[in-house]
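Chemist: pasting the sequence and the predicted model now:
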Amino acid sequence: MAPGPQAGKRAAADDAGKGHHEAEAPPTARLLALFDGHRLSPTQRRIAQYLLDHLTEAAFLSITDLAERVGVSQPSVTRFAAALGFSGFPALREALHPIALSAVASSPDTHEEIRRNELQAAVDAEIENLESLRRALGDPSTVLEVGRELAHSVPLTVLGLRISESLAEYFSYAAKRVHPDVRVLTRGGSIANDALLQSREAGGTWVLAFAMPRYANETLDAMRTAHSVGLRVALITDVPLGPLADEADVVFTTGTGSRLVFDSYAAPVVLAATLLQAMADAVPERTQARLEAYEQLAEQHHFFQGD
């Protein structure tokens, strides 16, 4: 869940002057709107979740009581308010009061309804990310071009550190079916530097890097090392600007889901799959031969159910 409040503060102020009988958005929707547009850390999302689950009570707690109920520090609550655009916790609590009062007056949503609405909103946000990616792929030329480059980079290094490791592992697992030498790199520091140097010395020309929030400093260091040894870098991330994007030769950006405690990656996974398709199509004879060889191996050794 991701918050957003300059507009939220204005909306709360307007709501305070409305009569209880005037039509307005349900309390849960108003609270979610307060959160929209801001990227929160996992700790901050826990606070937001507590507010959603206990709105009528939490809106009137002191900062000490709220921190204790959620199981976080008082400075974490203060940073949460600041992340939403408020001057401090008192300003946030003031904005929450009219929403909580309207919830009391209108038979507030049950815990199950709040949770259901939030989970549905998370899925809706991912659908929007996928729709945005679909529009971007209206011109697939860059994906096809980079896919060809990755296909011809032997070896091909795939970089993903911390939370991005899962994306790098997914891409590498599939890429190994159509590419003769894929090297997945999920550790930073000197290990990454050594692996990148070896990749270049072995004839590699490209690195595909994944960088999702929170962005690891070691990812930036590894990208700089890649360039220093003569490798080019294609980056899949969620922001088009910043140090990571500046260091990449090609940047593919697509949104991540940020409404739950941990981010979700529907659109980045689909984007990765389009690059895999472009790689496979770039060298069709090699792709077909490798896929057939793998299927024979899988059948011979009974890798999968039903083989």
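Modeler: Yep, it's here. Numbers count the residues shown, from 1 in each chain.
Chemist: list the buried residues in stretch 47-55.
Modeler: I47, A48, Q49, Y50, L51, L52, H54, L55 (16 or more other C-beta atoms under 10 Å). Any C-beta I mention is one placed from the backbone N, CA and C, and that applies to glycine too.
Chemist: I meant stretch 61-74, not that one.
Modeler: The neighbour-count check on stretch 61-74 (16+ other C-beta under 10 Å) flags L61, I63, L66, A67, V70, V72 as buried.
Chemist: spatially nearest residue to G160, not counting backbone neighbours?
Modeler: Distances taken as C-beta to C-beta, 6 or more residues apart in numbering place A168 nearest to G160, at 2.5 Å, with adjacent residues excluded.
Chemist: my guess is the one you found contacts L156, does it?
Modeler: No - at 11.6 Å, A168 does not count as touching L156 under the criterion of C-beta atoms under 8 Å.
Chemist: the two: which has the busier surroundings?
Modeler: L156 (26 against 22; other C-beta atoms under 10 Å).
Chemist: gap between I63 and G257?
Modeler: The gap separating I63 from G257 is 29 Å, by C-beta to C-beta, to the nearest Å.
Chemist: do the same with V251
Modeler: Distance, V251 to G257, using C-beta to C-beta: 20 Å.
Chemist: if I look at the closest residue to T225 other than its chain neighbours, what pLDDT would I see?
Modeler: Of all residues not flanking T225 in the chain, N193 sits nearest, at 4.8 Å (C-beta to C-beta, 6+ apart). N193 is assigned 92 on the pLDDT scale.
Chemist: run a quick neighbour tally on N193.
Modeler: Other residues near N193 number 17, with proximity taken as other C-beta under 10 Å.
Chemist: C-terminal to the lengthiest helix in the chain, what's the next element?
Modeler: The longest helix of the chain (DSSP state H) is helix 111-136. With elements assigned by DSSP states H and E, the helix or strand that comes after helix 111-136 is helix 141-152.
Chemist: could I get the average pLDDT for that following helix?
Modeler: 95.
Chemist: show residues contacting it.
Modeler: Here helix 141-152 makes contact (C-beta atoms under 8 Å, 6 or more residues apart in numbering) with 137, 156, 175, 178-179, 205-206, 208, 232, 234, 250, 252, 274-283.
Chemist: strand partners of the following helix or strand past that helix, parallel vs antiparallel please.
Modeler: Toward the C-terminal end, the helix or strand that comes next after helix 141-152 (DSSP H and E) is strand 156-160. Here strand 156-160 is paired, per DSSP bridges, with strand 182-185 (parallel), strand 206-211 (parallel).
Chemist: about what we covered before: can you list the buried residues of stretch 61-74 in TSV and add distance to Y265?
Modeler: Formatted as TSV, the buried residues of stretch 61-74 follow (distance: C-beta to C-beta, whole Å):
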residue	distance to Y265
L61	34
I63	33
L66	30
A67	30
V70	26
V72	25
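Chemist: pick the most buried one from the strands paired with strand 156-160.
Modeler: Most buried of the strands paired with strand 156-160, by mean neighbour count (mean count of other C-beta atoms under 10 Å): strand 206-211, with a mean of 28.
Chemist: convert the C-alpha atoms of the helix or strand that it is followed by to PDB, please.
Modeler: Downstream of strand 206-211, the first helix or strand assigned by DSSP H and E is helix 217-228. Provided in PDB are the C-alpha atoms of helix 217-228 (Å, rounded to 0.1, in the frame of the first residue of the first chain):
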ATOM      1  CA  ASN A 217      24.100   0.200  -3.000                       C
ATOM      2  CA  GLU A 218      26.000  -2.900  -4.100                       C
ATOM      3  CA  THR A 219      23.900  -3.000  -7.300                       C
ATOM      4  CA  LEU A 220      25.200   0.400  -8.300                       C
ATOM      5  CA  ASP A 221      28.800  -0.600  -7.400                       C
ATOM      6  CA  ALA A 222      28.400  -3.700  -9.600                       C
ATOM      7  CA  MET A 223      27.100  -1.800 -12.500                       C
ATOM      8  CA  ARG A 224      30.000   0.600 -12.300                       C
ATOM      9  CA  THR A 225      32.400  -2.300 -12.200                       C
ATOM     10  CA  ALA A 226      30.700  -3.800 -15.300                       C
ATOM     11  CA  HIS A 227      31.300  -0.700 -17.200                       C
ATOM     12  CA  SER A 228      34.900  -0.400 -16.000                       C
END
